[in-house]
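Trainee: Build the 3D model from these lines:
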Amino acid sequence: MALKGVSKTHWKIEPTRVTIYPYRVFNLFAPIVGVIFMGLLFVYFKYQNAPAIEVVPLALFIFIMIALFWAFAATRIEFDNSTARMRKMLMGFLPVTSIPFSKLQGIKPVTNMGSYNYRLFRKSAKYGKGIIVSSGYTKNDDPNAIAFVEEAVPAIHAYLDMHDSPADNITETITSYRFFEQEDGYKYAIKTKKAGAIVIGIIFLAMGIYLATIKSDSLGSKIFVSGIVLCFAAVFINAAYTKITFDISAKTVQRDGLLKFFNRQYSINNFAGIQTVRRSVNFVYAGTDVNMYFNVPEKGNKQDTLMVISMKKSADIERFIQELYQVMETKV
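Mentor: Numbers count the residues shown, from 1 in each chain. Here you go, the predicted model:
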């Protein structure tokens, strides 16, 4: 528990300032990295019969690296209400980011690869990368995450609210949809790009057929591998022909595709909210999924998730969500 406390988010709330330390996990990394590299250095020194003069530069390098880890752990995010400005102080003393409160939207959770953290977003990029303001969490009931949301976040949002302008809360009525197409009166379908998914599906289909026909010493392995590849083909081809429709007159959201097993239908009255999930591949941003949540009475009001679209640009995500809410609020 003590080690977890060292690595969790820490914050300090003062009358006109909130200070957050989101990178304290590097306090934990520093000694671990130090032990590993010192062990490697000992092995090198002992078994390679290296002279002491060669070991000194390596030891100095390890010391500097550990010091940088600890210094990075001291990075802090300051919200100073007296200057109405947020500053990110790298290593606790180098100002690398400075943004007026009037340009900040607020703090929201960001889910990524099974974990989540909290990030600060600009008004101009509400669904962008954001600025990390907390450590990472894996449990929704993490005590540190709950305390952060209940203590630090409200104090920061109170500062930001003081510097909002009336124009920030005006929602422009959309007259022409970019991401929806109207069908049969009060039905709206999300526009899809079939070509890319079809091409990928055909490639997997060809690979699966090829793997199924080549000679192999292990029939079981051949069937297993070709089966997996053909499943990928089915998923992509089904995605190309999957359609999500909002039927306003029937108050339903429906997903239909070639594979009936994946078809879903939910009542708009049971809509519980939207969540955006950022996806990364090898730490490279791959896109953001927009998920809708619905309460399901048949499951004791447990929530189901419906992924409705995946995008990359923050402006596109913001526009899509605005259109989605307007579609659902359309009067029949």
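
Trainee: can you pull the pLDDT of the most centrally placed residue in the chain?
Mentor: For the chain, the residue nearest the mean C-alpha position is R278 (2.9 Å; C-alpha atoms, centre = their mean). R278 carries a pLDDT score of 84 in this model.

Trainee: next SSE after the helix or strand harbouring it?
Mentor: Here R278 sits within strand 271-281, counting by DSSP states H and E. For strand 271-281, the following helix or strand on the C-terminal side (DSSP H and E) is strand 284-296.

Trainee: What helices and strands are in contact with the strand holding R278?
Mentor: strand 104-112, strand 284-296, helix 314-328 (3 or more C-beta pairs under 8 Å, 6 or more residues apart in numbering; DSSP states H and E). All C-beta spots, glycine's among them, are computed from the backbone N, C-alpha and C.

Trainee: Okay, buried residues for it please.
Mentor: Under the neighbour-count criterion of 16 or more other C-beta atoms under 10 Å, strand 271-281 has 271, 275-278 buried.

Trainee: same check, this time on stretch 9-27
Mentor: Those would be 9-11, 18-27, for stretch 9-27 by 16+ other C-beta under 10 Å.

Trainee: Pick the one among the buried residues of strand 271-281 closest to I170.
Mentor: T276 (22.4 Å; C-beta to C-beta).

Trainee: ok, that closest one - contacts?
Mentor: 110, 127, 288-291, 317 (C-beta atoms under 8 Å, 6 or more residues apart in numbering).

Trainee: pLDDT score for N49?
Mentor: pLDDT recorded at N49 is 69.

Trainee: between the buried residues of strand 271-281, which is nearest I62?
Mentor: Distances from I62 to these, taken as C-beta to C-beta, are shortest for R278 (34.0 Å).

Trainee: Isn't the closest one up against S115?
Mentor: No: between R278 and S115 there is no contact, the gap being 11.2 Å when judged by C-beta atoms under 8 Å.

Trainee: low pLDDT regions in the stretch 101-250 of the chain?
Mentor: The model of the stretch 101-250 of the chain has pLDDT under 70 over residues 169.

Trainee: residue ranges of the strands in the stretch 151-300 of the chain, please?
Mentor: All strands of the stretch 151-300 of the chain, identified by DSSP state E, counting those that start in this stretch, fall at 180-183, 187-190, 243-247, 252-256, 264-267, 271-281, 284-296.

Trainee: out of these, which comes closest to V199?
Mentor: strand 284-296 (17.7 Å).

Trainee: ok, and what's touching the closest one?
Mentor: Under the contact criterion C-beta under 8 Å, 6+ apart, strand 284-296 has outside partners 127, 129, 253, 266-267, 270-280, 301-312, 317, 320-321, 324.

Trainee: what distance separates it from the centre of its chain?
Mentor: 9 Å (C-alpha atoms, centre = their mean, to the nearest Å).
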